[in-house]
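# 3D, please:
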Amino acid sequence: MPGTELFGKEEKEQVMEVLETGILFRYNHDEQRKGIWKAKTFEKEFAEYHSAKYCHMVTSGTAADAVSLASVGVGAGDEVIVPPFTFIAPIEAVVNCGAVPVFAEIDETLCLSAASIEAAITPKTKAVMLVHMVGAMAQIDEIVEVCNKHNIILIEDTAQALGGSYKGKMLGTFGKVACYSFDFFKLITAGEGGAVLTNDEEVYTTAHTWSDHGHSHLGNNRGAEDHPILGTNYRISELHAAVGLAQFRKIDYILERLRSNKKVLKDYLKKFPQVVFRNVPDESGDSATVLNFFLPTQEEAKKACADLAAEGVAAAYWFNNNYHFIKNWDHLTECKVAGPVGMQFLDKPQDYKNLDLPKSYDIIGRLVSINMNITSTPEQLEAICKAFDKVLG
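Numbering: from 1, shown residues only. Here you go, the predicted model:
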């Protein structure tokens with residue numbers, strides 16, 4: 001698992017610097033900090049890596065989704081086009097801000113297609129929540145064109161594709177705002193954490209203000225700060241930021257190893273005529289966290305995943321996964337919410353129980369995914385190739 005494979009002295013050193021100051025809060029207490037500002041440092045380096053103007057760190061990728069939506073003005077009654085293949089967090093964020101998720105089809109990139117986005121647009125459409133899934137990008141040029149044509153805000157959820165790029169431009173920098181995650185299962189991890197990235201000063205100001213109870217963060221006196229808006233609490237701690245910063249400084253090495261290991265397995269799979277690879281619009285920009293390929297039928301894909309698992313190769317069959325595909329989101333389709341006001345009161349343009357998404361179901365039904373590891377040895381890669389021979393040969 002990327003990130004967690006490389007925990008070491010660097011993470012410990014960053015955390016100890018915070019503990020030695022005694023200041024775990026990300027704001028103020030300037031004198032006691034002795035110059036130690038982990039969240040600010042992480043934000044600066046993260047923004048520079050993406051050639052973006054602004055970054056704001058928050059508590060999670062889910063929080064980043066929520067902050068992004070709020071920062072561009074998505075709210076009650078707005079429609080947001082979302083994919084049926086994603087971790088459900090972006091959809092939860094849409095619902096929790098009072099907006100309405102509208103599902104569109106994915107294509108062989110495993111992301112929303114431009115054509116399906118255009119087909120889902122209504123007069124109430126405010127934004128597209130584009131999720132760059134399992135390591136690589138959507139057909140981003142075409143999607144940007146559709147959003148610009150209809151004056152719709154593009155939000156990029158890049159939680160699963162950190163480090164990815166398209167034609168030399170980093171994923172997350174094509175839309176108005178982008179979201180990232182540093183949870184335990186991501187390319188780099190802080191245990192929990194997330195980031196909001198933008199080139200828009202107004203979006204950035206709203207993001208850092210709204211995610212800290214509306215504080216303006218002007219001046220050095222917490223009690224005297226203005227409250228220009230109401231907000232909530234999505235503040236990242238200095239401890240999480242410290243771990244994330246140490247991890248982020250390893251990203252070039254992580255990407256190099258993942259890409260190298262994936263190439264070995266992908267090249268080997270080319271010998272099997274029934275294997276068709278996921279469409280990656282720019283192979284050089286693939287973050288290579290996951291090897292994705294299709295088999296001719298749903299039955300073959302399901303069996304291959306089970307047989308690979310029996311050979312010791314962890315293969316994800318997303319069609320039956322509880323977390324990442326709409327087929328298994330009964331809590332969404334039945335509008336189950338915790339409070340008295342929720343999805344059942346929204347003016348929904350879709351019947352979530354009976355959504356017709358045939359292309360998405362076909363694509364995910366035939367999909368086999370294998371996570372890449374940073375520390376895989378040549379011997380371990382060879383063993384996976386032997387498993388391919390046994391299962392696919």
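# buried sites along stretch 69-83?
Of the residues in stretch 69-83, those buried by neighbour count under the rule 16 or more other C-beta atoms under 10 Å are 69, 70, 71, 72, 74, 78, 79, 80, 81, 82, 83. For glycine as for every other residue, the C-beta is placed from the backbone atoms N, C-alpha and C.
# Which residue, other than its chain neighbours, is closest to residue 128?
Leaving aside its sequence neighbours, residue 128 sits nearest to residue 81 (C-beta to C-beta, 6 or more residues apart in numbering; 4.6 Å).
# what comes into contact with the helix or strand containing the one you found?
Secondary structure assigned from DSSP states H and E places residue 81 in strand 79-82. Residues from elsewhere that reach strand 79-82 (C-beta atoms under 8 Å, 6 or more residues apart in numbering): 69, 74, 90-91, 94, 99-104, 112, 117, 120-122, 124-129, 131, 152, 349.
# Next SSE downstream of it?
Remark: after strand 79-82, the chain's next helix or strand is helix 89-96, criterion DSSP H and E.
# how about the CA coordinates for that next one, as PDB?
The C-alpha trace of helix 89-96 is given here as PDB (Å, rounded to 0.1, in the frame of the first residue of the first chain):
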ATOM      1  CA  ALA A  89     -17.600  10.800  -0.200                       C
ATOM      2  CA  PRO A  90     -18.100  13.300  -3.100                       C
ATOM      3  CA  ILE A  91     -21.800  12.300  -3.300                       C
ATOM      4  CA  GLU A  92     -22.200  12.700   0.500                       C
ATOM      5  CA  ALA A  93     -20.600  16.100   0.300                       C
ATOM      6  CA  VAL A  94     -23.100  17.200  -2.400                       C
ATOM      7  CA  VAL A  95     -26.000  15.900  -0.400                       C
ATOM      8  CA  ASN A  96     -24.800  17.500   2.800                       C
END
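# Quick one: list the elements packing against that helix.
Under the contact criterion of 3 or more C-beta pairs under 8 Å, 6 or more residues apart in numbering; DSSP states H and E, the helices and strands touching helix 89-96 comprise helix 61-71, strand 79-82, strand 100-103, strand 125-131.
# mind checking how far the worst-scoring helix or strand of the chain on mean pLDDT is from the chain centre?
In the chain, the helix or strand scored least confidently by mean pLDDT, DSSP states H and E is helix 330-333, which has a mean of 89. Using C-alpha atoms, centre = their mean, to the nearest Å, the distance from the centre of helix 330-333 to the centre of the chain it belongs to is 21 Å.
# and that helix, what does it pack onto?
For helix 330-333, there are no packing partners by 3+ C-beta pairs under 8 Å, 6+ apart, so no helix or strand.
# Residue 210: how many residues sit nearby?
The tally of other residues near residue 210 (other C-beta atoms under 10 Å) stands at 21.
# How about residue 363?
Count around residue 363 with other C-beta under 10 Å applied: 21.
# any idea which element it lies in?
For residue 363, the host element (DSSP H and E) is helix 358-365.
# buried stuff in that helix?
Judged by neighbour count (16+ other C-beta under 10 Å), helix 358-365 contains these buried residues: 360, 361, 363, 364, 365.
# Can you say which two of the residues you listed are spatially most distant?
Taking C-beta to C-beta, the two most distant members of the buried residues of helix 358-365 are 360 and 365; they sit 9.1 Å apart.
# Which neighbours do the two have in common?
Shared contacts of residue 360 and residue 365, counting by C-beta under 8 Å, 6+ apart, come down to nothing at all.
# so residue 193 makes contact with residue 184?
No: in this structure, residue 193 is not within contact of residue 184 by C-beta atoms under 8 Å, at 10.2 Å.
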